[in-house]
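Novice: With the input below, show me the fold.
(chains A and B)
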Amino acid sequence: MSEILFPVPDPAIMDRRDAILGDLAAIASPGCLIVSEDERRAFETDALTAYRRMPLAVVLPRSTEEVSALLAYCNRAGLKVVPRGAGTSLAGGAIPQEDSIVIGVSKMNRILDVNLHDRTIRVQAGVTNLSVSEAVSPEGFFYAPDPSSQLACTIAGNIAMNSGGAHCLKYGVTTNNVLGAKIVLMDGQIMELGGEAFDAPGLDLLGLAVGSEGQLGIVTEATLRIVRAAEGARPVLFGFDSSEAAGACVAAIIGAGIVPVAMEFMDRPAIQICEAFAKAGYPLDVEAMLIIEVEGSDAEMDAELARIVEIAHAHNVSVVKESRSAMETALIWKGRKSAFGATGRVADYICMDGTVPTGKLSYVLKRTSEIVASYGLRVANVFHAGDGNMHPLILYNVNDPADQAKAEAAGMDILRLCVEVGGCLTGEHGVGIEKRDLMRCQFNEIDLAQQMRVRAAFDPQWLLNTAKVFPLDGRVKA
Amino acid sequence: MSEVFAPASEAEACDCIASARSDKRTLEIVGGGTRAGLGRPVHADAVLSTQGLRGVTLYEPAELVLSAWAGTPLTEIEALLAGKQQILPFEPMDHRALYGAHGEPTIGAVAACNISGPRRVRAGAARDSLIGVRFVNGRGEAVKSGGRVMKNVTGLDLVKLSCGAHGTLGLLSEVTFKLLPAPRGSGTLVLEGLNDEQAIAVMALALGSPFEVSAAAHIPSQKRTLLRIEQAPDSLTYRLEALTGLAKPFGPARRLSDSEAHEAWANARDAAPLADSPAAALWRVSIAPSRASAFVNGLRTQNIAQDWFYDWGGGLIWLTSDLDWRQSEAIFTAAALAKGHAMLVRAPEDARAKLPIFQPQPEAMITLSARVKASMDPDGILNPGRMYAGV
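Specialist: Have a look, this model is predicted:
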């Protein structure tokens, strides 16, 4: 079976555990060091729960300076470090190793400054994604990236994975919405990348750090762009008799020069699961559904919707249902955003994440069904169609190792398909451990070696989140 | 006159760089030559031109994506996009008027120098639209990063890293941009007679409104503050009216004719209000808008700032000054104190060789940048010192 490999723990470090804990206790502020097995258990995995490794220790520092002291110590002692936000990574980006120290930023969760004039907000990186928007929503602003896990996930994790969400079709992903970050390098140096201005001087190390999956440093503070909300927003449900028709409709809308704020896709299994959970009024007798959201004044939304509806009719849409109230709007989005949780109520699943050209959506959906069926499993598709970011949820039984192996194999086949049609292995969940061994499908040795050399410029000993992103063999150190 | 290499393919570019490396020769990368005044002067052993790397390699209008070889003229790309009512979202500046250059700007330089324009406040910079690159590193290896889909930071994002690196990390060979549908209508309001503080306040109000203002500039010498909205016709009428109401406390707003508006934004984009200035130095300062007018005032009271205007709602200041060590230091210091950064965009050749061009950076940042440079170009043969000594 295709079990993901972890590096063998270094016995020399495991033997030194007591001494290391003593050293960490001297650095960490009171109440921030977690050593007992019971308490460490909460940190042994993330949202890729099929894999678990008990870390040597966990530290939840309260300040950038403390992160700096901890990293400097680990660097000197040759200790591996696994950075952690809220532990919601679906790709295993925060899963520890037995000989590693987890450094989590969850206690650094303050909003430091709101600047409506410049439309920016400065936060500690352990703040949750949703609380950033909540801090500015009374003034009519929001923070654009809105991953489904936004209630729990941290800005630090969003930066590490370059998170997106339903609304990034119009507003961009994390990298387009971060102006500056305070990052602590493995040697303990505290660096300011970017700042509060639109552009930063010198090399775009901020752009490099966003999406680097905790390989370059630990982000402790960030300056984010906030956006003024539109006058109104209205999601509309479009039901289709085939996934292919829905996929073609998405491509046609973009092709017609319309970029709605969001275009979300659900297939029949996903609709059934989410409707049972959220009672959002989704149509149950269709094969596929799009949630398309438009923004603006009432008249503007009516006009844009009229154009979209016309295109949808050309693609044989069978149901068009507009939200008529704030409550309906909230339910429609609740259904979509709770898709993963709702799916978890009916079956175990792995959530894949890859991106394909929007013109290939129909084909990829068809092939995805075929691939998963060939392993004797079921799939529910719920994803960001406007930017081609697929999220097939492969349903399986976690207590059956053979089933798990089949689900993982089907997932890997789907990701290879994404690359084959001109897309890529990730959309917004990152590579983590999950897709690490597929990197050679997308990149050749030269591409990977170049990425690894850049990585080594930040962390020459390869101590930060070292089991992730790059295949374990053939690593280039400098 | 340096020897000029103009490889006709990426493979030839690889050979060219690999042999330069083995011969220990440095290379200055040149595209259309219209932005040669940007950055520190490079004294290289030979010139590496992208003029042989031409052509659009992928254009999928329905997917809003375009790829082209780096030496492809920008005009060719813009004409192709116009045929499908699409645009490069970031409205790239044309530097020819500033530098008195006559070549054809290339798409590669737009990416290499992260060239943006007024729409940056709404649609982001070139770096935000650049989703894929192929480049040849200092080892002579062809490397790809990113791709043709909109969400694609698989592994490290060398796309962002390459963008704005001024060719110091590699020769960009192919670039892929995401596009936007061309606006179906555009309208510009002008308010007259505002001082800098008032202008920045009204621009902040406009940019923080729900009406999606796509550009905001203030040109003190013309006593004009410009606000642009780009929308479909019905929506445009509604929003211009709403914005006029919002701006009322600052005075009446008048809509420019389409041709006046077009000219005004092309001028703001290209720094035209200061292009003919006799001043020795032209600066570009990136700063939080709320700090912009105090920054300018400070330099004005020191008799350093001569003339200036604001784009990006005050987030970008174009400014002229005399030029010696005193002015240079005062401007960089003031920018640092305001948590912004300055760049010397136009200056006499001898001054460019002696004075810093980019905002001086902390030593730790230079050290890190030099390590990143070495990871891409180990022998420092590509555009050596273009950004900072050693980078």
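
Novice: excluding its backbone neighbours, what's nearest the closest residue to chain A within the stretch 101-250 of chain B?
Specialist: Here the residue of the stretch 101-250 of chain B nearest chain A is B:Lys160; by Cβ to the nearest Cβ that distance is 2.6 Å. Quick note: C-beta positions are derived from backbone N, CA and C, even for glycine. Leaving aside its chain neighbours, B:Lys160 sits nearest to A:Gly207 (2.6 Å; criterion: Cβ to Cβ, 6 or more residues apart in numbering or on different chains).

Novice: now the one you found: how far from A:Ile159?
Specialist: To A:Ile159, A:Gly207 is 11 Å away according to Cβ to Cβ, to the nearest Å.

Novice: cool, A:Ile253 as well?
Specialist: 31 Å.

Novice: Tell me which of the two has more neighbours.
Specialist: Shown here are A:Ile253 and A:Ile159; by other Cβ atoms under 10 Å in any protein chain shown, A:Ile159 has more neighbours (28 against 24).

Novice: just checking, the more buried one touches A:Ala181?
Specialist: Yes: assessed by Cβ atoms under 8 Å, A:Ile159 is found in contact with A:Ala181 at 6.4 Å.

Novice: re the thing from before, the residue nearest to B:Lys160 contacts B:Leu161, doesn't it?
Specialist: Yes: with contact taken as Cβ under 8 Å, A:Gly207 and B:Leu161 are classed as touching, separated by 6.3 Å.

Novice: which ones are touching the residue of chain A found nearest chain B?
Specialist: Taking Cβ to the nearest Cβ, chain B has its nearest neighbour within chain A at A:Gly207, 2.6 Å off. Residues near A:Gly207 by Cβ atoms under 8 Å, 6 or more residues apart in numbering or on different chains: A:Thr175, B:Arg127, B:Asp157, B:Val159, B:Lys160, B:Leu161, B:Cys163.

Novice: The same query, at a cut-off of 10 Å, please.
Specialist: Taking Cβ atoms under 10 Å, 6 or more residues apart in numbering or on different chains, we find A:Gly207 in contact with A:162, A:175-176, A:178, A:193-194, A:200, B:114, B:127-128, B:130, B:153, B:157-164.

Novice: Relative to A:Gly194, how far out is it?
Specialist: Separation of A:Gly207 from A:Gly194 (Cβ to Cβ): 9 Å.

Novice: Please apply the same query to A:Glu37.
Specialist: 40 Å.

Novice: These two: who's more crowded?
Specialist: Neighbour count, other Cβ under 10 Å: between A:Glu37 and A:Gly194, A:Gly194 has more, with 23 against 8.

Novice: I figured B:Ala247 hits B:Glu192, correct?
Specialist: No: checked against Cβ atoms under 10 Å, the pair B:Ala247 and B:Glu192 is beyond contact range at 11.7 Å.

Novice: Have a look at those two and say which one is more surrounded.
Specialist: B:Ala247 (21 against 12).

Novice: tell me the contacts of the more buried one?
Specialist: For B:Ala247, the contacting residues are B:Leu189, B:Leu191, B:Leu194, B:Val202, B:Met203, B:Leu205, B:Ala206, B:Ser209, B:Thr225, B:Leu227, B:Ala253, by Cβ under 10 Å, 6+ apart.
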